[in-house]
Every structure is written in C-alpha cells, then in structure tokens.
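S.K.: Generate a structure from the sequence data that follows.
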Amino acid sequence: MSVPVPRLGAGDRLVLASHNKGKLAEFQELFEPYGLEILSAGELGLPEPEETGTTFVENARIKAHAAAEASGLLALSDDSGLCVEALGGKPGVYTANWAGPKRDFSLGMRRVEDALQAANATSPADRHGYFMATFCLADPEGNDWLFEGRVDGMIVWPPRGSQGHGFDPVFMPDGYDITFGQMPPEMKHSWAPGEPGLSHRARAFAKFVDAVLEDLD
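M.R.: Residues are numbered from 1 along each chain as shown. The predicted structure is shown next:
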C-alpha cells in the first residue's frame, strides 16, 4: 500500500539535503513565498553521504534518506546535471565531477566544450543538451516521493553571463537568445501555479508544489 504524499504548510520544517551554496540559494528563492522553516544539511552539521548512484534518481534518494534519518525530519534533495546528446548524455549524473575536486566550473565548462570539439559537434544542431533535476522527498520512516523537471537547450561557447551557478553560462534554453548565466533569478526560476516554469529545478519544484505544499492564501 502506497503512503500518501505528506502535505506541508507555513511554519512546517523541511531539511534541504544539500551543502551546495548555489543550489541552496535557488531553493531559498523558490520556497520564500510559502513560509516554511527551511533548514539545510550544512546548517544542521549533517555529513554528506557518498553519492554512489549511477542515475539522478538513485543519488537523490541517497541524499534525501540520509538527511531524513539523521535529522528526524522530512528532507528534500535534488540531484541534477547537464546532459549533452553529442557526448552520449555526459556529463549527466557526473556533472559536478567534470568541474574537478575543487568544483571549478570554468574548468568543467571548458571540458564540455573540448569534448564537443573532439566530437566535431560545432553546429548548433549538434550541440543540443538538457538540464535534468530530480527531487526526492523522504521521511524518517524510509518512504520517498519523486518529482522531475527537464529543460532543453543548446550548449554555447564562450560562456555568457555571471548569474546562476555551475554550467549556466554555457546553456541557452530553447526559445531564448540568452543563457541561464545571463538571466536574473526571477526569470530563470519563473513559474506560476499551473505553469511548468523555465529551469529544470523550477519545473520539478512546480510538481512538488502541486503535490506537497498547501495553497497560498
């Protein structure tokens, strides 16, 4: 028998199972209207679990369950990454690893571009990619619920803009002539009830809102 999705409203506590400051900033912006008490795994001093999964779903579950078990609270994780078709879907679940141990995303973007050049993927038609986000909400009893979002676009070079984080400066979403790195947060994260939103994280968040968060007054 499946366990119903928990419902959260103003004043309820939720742990964000992440130590990534850029990702946490995006989540704080998304959650701001709902009045939840948001705690991060870093603030609580929770250890970072080893992400041994080979898919976004597996890693999202590892992080959410580790935070829920350690904190005794509902925990929400996000595993996301950039997938480039000409590279066979890489970097994918290993996106952060492409930035090296110091998480130098300038290096990571350069590595993606070098790989595209090596694959002779130089025309716009050959440079399609997408960002994927998988949210996992887990409770301390071991139950979980998944919410996924995807945004398609093109890999550009050189990097453009200094907004956002990670690979944003080289990703231009379909229908736009600027990259995520050139977009202000309110544009990148734009969504409304009943609308899908723009970024992969906003699209996953829209599904999370529909299933979990109480309606705003």
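
S.K.: And residue 35, how close does it get to residue 134?
M.R.: Taking Cβ to Cβ, to the nearest Å as the measure, residue 35 falls 25 Å from residue 134. The way it works is simple: take the backbone N, C-alpha and C, and place the C-beta from them, glycine included.

S.K.: can you check residue 168 too?
M.R.: Going from residue 168 to residue 134 by Cβ to Cβ gives 18 Å.

S.K.: Now do the helix or strand bottoming out on mean pLDDT in the chain: which elements does it pack against?
M.R.: When the helices and strands of the chain are scored by mean pLDDT, DSSP states H and E, helix 21-31 comes last with a mean of 79. Applying 3 or more Cβ pairs under 8 Å, 6 or more residues apart in numbering; DSSP states H and E, one finds that helix 21-31 contacts strand 13-16, strand 37-40, strand 75-84, helix 200-212.

S.K.: Looking at those, which one is packed in the most?
M.R.: strand 75-84 (a mean of 26; mean count of other Cβ atoms under 10 Å).

S.K.: any idea how far that one is from the chain center?
M.R.: Relative to its parent chain, strand 75-84 has a centroid offset of 4 Å by Cα atoms, centre = their mean, to the nearest Å.

S.K.: I'd like the next helix or strand past that strand.
M.R.: helix 105-118 (DSSP states H and E).

S.K.: Now that following helix: buried residues?
M.R.: 105, 108-113, 115-116 (16 or more other Cβ atoms under 10 Å).

S.K.: circling back: mind checking which of the helices and strands packed on helix 21-31 is nearest residue 157?
M.R.: strand 75-84 (12.2 Å; Cβ to Cβ).

S.K.: For the helices and strands packed on helix 21-31, give me JSON lines that also has mean pLDDT.
M.R.: Formatted as JSON lines, these follow (pLDDT from 0 to 100):
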{"stretch": "strand 13-16", "mean pLDDT": "94"}
{"stretch": "strand 37-40", "mean pLDDT": "89"}
{"stretch": "strand 75-84", "mean pLDDT": "96"}
{"stretch": "helix 200-212", "mean pLDDT": "92"}
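
S.K.: Please consider this matter closed, and thank you.
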